[in-house]
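> compute the structure for the input listed below.
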Amino acid sequence: MIIVANDKGMVELHHTDNPNKFMLVQSHDVASGGVTSVKMTNDEHFLLTSGVDGLMFIHQIDKNNLKIESTWEPLADVEGVDFMAQD
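Numbers count the residues shown, from 1 in each chain. Predicted coordinates:
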């Protein structure tokens with residue numbers, strides 16, 4: 001799992017099977033300066049974040065569901081949809 005935090009108060013969780021898709025967690029105040037620290041527990045069930053806003057959050061993560069969601073293609077079964085046509 002790849003974890004990316006930014007100064008906008010958001011944390012992105014990318015599954016290594018498909019790093020282009022990610023789950024976005026926003027819990028810290030953007031005006032205060034965003035996320036200062038992120039840590040995943042060893043069993044990868046909880047994500048801990050702290051921010052400039054002085055708050056600390058604990059998020060429960062379902063890694064199996066994150067993997068399933070990272071492979072889901074919402075338009076896979078829709079006929080006639082081809083946004084990226086190949087020549």
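> for residue 86, give me the pLDDT.
Here the pLDDT value assigned to residue 86 is 65.
> residue 75 now?
Looking at residue 75, the pLDDT reads 69.
> shaky segments in the protein?
75, 80-87 (pLDDT under 70).
> where exactly do the helices run in it?
Taking DSSP state H, the helices of the chain run over residues 63-71.
> hang on, residue 4 packs against residue 23?
No - Residue 4 sits out of contact with residue 23 when judged by Cβ atoms under 8 Å, with a separation of 11.1 Å. Placement of C-beta: from N, CA and C, glycine included.
> residues bridging contact with those two, i.e. touching both?
residue 12 (Cβ atoms under 8 Å, 6 or more residues apart in numbering).
> span of stretch 3-19 from start to end?
10 Å (Cα to Cα, to the nearest Å).
> list the buried residues in it.
5, 9-11, 13-15 (16 or more other Cβ atoms under 10 Å).
> how about stretch 35-55?
So, applying 16+ other Cβ under 10 Å, buried residues of stretch 35-55: 35-36, 38, 40, 47, 49-51, 53.
> same question for stretch 67-78.
Neighbour-count burial for stretch 67-78 [16+ other Cβ under 10 Å]: residue 70.
> need the buried residues of stretch 3-19 in JSON lines (columns: distance to residue 61).
Listed next are the buried residues of stretch 3-19 as JSON lines, based on distance: Cβ to Cβ, whole Å:
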{"residue": "5", "distance to residue 61": "14"}
{"residue": "9", "distance to residue 61": "18"}
{"residue": "10", "distance to residue 61": "15"}
{"residue": "11", "distance to residue 61": "11"}
{"residue": "13", "distance to residue 61": "7"}
{"residue": "14", "distance to residue 61": "12"}
{"residue": "15", "distance to residue 61": "11"}
